[in-house]
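K.L.:
got a predicted structure here, sequence first:
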Amino acid sequence: MEPEVFAIACLPLLAAPGPTNTLLATSGAAIGVRRSLPLLAAELSGYLLAIFLLRVLVGPLIAAVPAFGIALRIAAAIYLLHLAAKLWQHSGRQAIATSRPVTILSLFVTTLLNPKAIILTFTLLPAEAGMLAWLPALILQIVVAGSAWIAVGALVQRGFRGTFHPRVGYRVSALALILLAGGLSAHVLASA
């Protein structure tokens, strides 16, 4: 695959709405761009570890035991529902503006379980021998897409200041995660 083709295929995938991007936008809205930037390290670490684990452990295991892939998707859907519940509960707190609803750990785990990693690993990245050459471009695209979502969250919050209560943002984010979990569950049911 040519570098241009890789970038054209990869960046839209990373920029598409999903669980990681929902949390990044939520953080950008809640605490601003500068304070949310450390989350990019968690996102990057989550994707890179997921790619490694998928290539080395999960791929061969799913090939040998297909039910493991279904169990993995169910676990990811349950985690997304758990995260949605935490965001919803957080939206009811009084001190929303002074707290940090999206932690580095929650973003890391969410990214580690993000179905986009499966697409990156088994569809877009070349075989193990050529994969290292593509990692710098992938890292750059992860950081660019993640930064954009943080900025979008901050811009939405700034644009609606006074008319947009942060509680609404948390609840919209929670609903988005519920929809993603539902989509993942539907995919499991369709493939079972």
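P.N.:
Here it is on my side, so go on. Numbers count the residues shown, from 1 in each chain.

K.L.:
Ala151 contacts Ala29, doesn't it?
P.N.:
No - the criterion here is CB atoms under 8 Å, and Ala151 misses it with Ala29 at 10.4 Å. To be clear about C-beta, it is placed using only N, CA and C from the backbone, and glycine gets the same treatment.

K.L.:
higher neighbour count, these two?
P.N.:
Comparing Ala151 with Ala29 by other CB atoms under 10 Å, the one with more neighbours is Ala29, at 27 against 16.

K.L.:
my guess is the more buried one contacts Val156. True?
P.N.:
Yes - shown here, Ala29 and Val156 form a contact pair, counting by CB under 8 Å, at 5.8 Å.

K.L.:
what comes up buried for the helix or strand harbouring Ile8?
P.N.:
Assessed by DSSP states H and E, Ile8 sits inside helix 3-15. For helix 3-15, the neighbour count (16 or more other CB atoms under 10 Å) marks Phe6, Ala7, Cys10, Leu11, Leu14 as buried.

K.L.:
which ones are touching the closest residue in space to the last one that isn't next to it in sequence?
P.N.:
For Leu14, ignoring the flanking residues on the chain, the nearest one in space by CB to CB, 6 or more residues apart in numbering is Ala145 at 4.0 Å. Contacts of Ala145 were listed using CB atoms under 8 Å, 6 or more residues apart in numbering, and they are Leu11, Leu14, Ala15, Asn21.

K.L.:
show me what the mean pLDDT comes to for stretch 152-160.
P.N.:
If you average the pLDDT over stretch 152-160, you get 83.

K.L.:
typed the wrong thing, it's stretch 80-92
P.N.:
75.

K.L.:
so how far is that stretch from its chain's centroid?
P.N.:
15 Å (CA atoms, centre = their mean, to the nearest Å).

K.L.:
strands along the chain, start to end?
P.N.:
Taking DSSP state E to define them, one finds no strands in the chain.

K.L.:
who touches the helix holding Ile8?
P.N.:
With CB under 8 Å, 6+ apart, helix 3-15 has contacts from 1, 21, 116, 119-120, 124, 134, 137-138, 141-142, 144-146, 148-149.

K.L.:
closest to Leu53 among these?
P.N.:
Taking CB to CB as the measure, Leu53 lies nearest Leu120 of those, at 12.4 Å.

K.L.:
how far away is that closest one from Val102?
P.N.:
Per CB to CB, to the nearest Å, Leu120 is found 22 Å from Val102.
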